[in-house]
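Student: Predicted model and sequence below, questions to follow.
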Amino acid sequence: MDDIKAAKTKPHSINLEGREKLYITGITDVDSFNDTTVIVGTQMGELVIKGEELSISNLDVENGDVMIKGLIHSMVYESKAVNKSEKGFFKSLFK
């Protein structure tokens, strides 16, 4: 099923409009979110978005798209993308 999801996902890109609208493609999931932090998994690694009054206004995980509204302060990649075969023993053990 992951292969099907990956095949439909668009290439990863980020488009920020005026620090208030953030469009991201190539996402694999949304790990967590609140009004100051949104963490999304992308093809390029985990992306942490920080800001004020953040909200997810459009989410399509099947196609890999998300739109986040609010005042964006920063975007940081926390880790490099990991292939499923590279996750290791403990990652698969705790699924």
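Tutor: Structure received.

Student: C-alpha from now on. contacts and neighbour counts both.
Tutor: OK.

Student: on contacts alone, who are the packing partners of the strand ranked longest in the chain?
Tutor: Assignment by DSSP state E gives strand 45-60 as the longest strand of the chain. If you count contacts as 3 or more Cα pairs under 8 Å, 6 or more residues apart in numbering; DSSP states H and E, strand 45-60 packs onto strand 37-42, strand 65-77.

Student: And for it, what's in contact with it?
Tutor: Identification of contacts with strand 45-60 by Cα atoms under 8 Å, 6 or more residues apart in numbering yields 34-41, 65-82.

Student: So what angle separates the directions of it and strand 37-42?
Tutor: Per axes from the mean of the first three to the mean of the last three Cα atoms, to 10 degrees, the angle that strand 45-60 makes with strand 37-42 is 100 degrees.

Student: Neighbouring strands - and their directions - for strand 45-60?
Tutor: Take DSSP bridges as the rule and strand 45-60 pairs in its sheet with strand 37-42 (antiparallel), strand 65-77 (antiparallel).

Student: Name the stretch among these that sits most buried.
Tutor: Sort those by mean neighbour count, taking mean count of other Cα atoms under 10 Å, and strand 37-42 sits at the top with a mean of 21.

Student: so how far is it from its chain's centroid?
Tutor: When distances are taken as Cα atoms, centre = their mean, to the nearest Å, strand 37-42 is centred 4 Å away from the chain's centroid.
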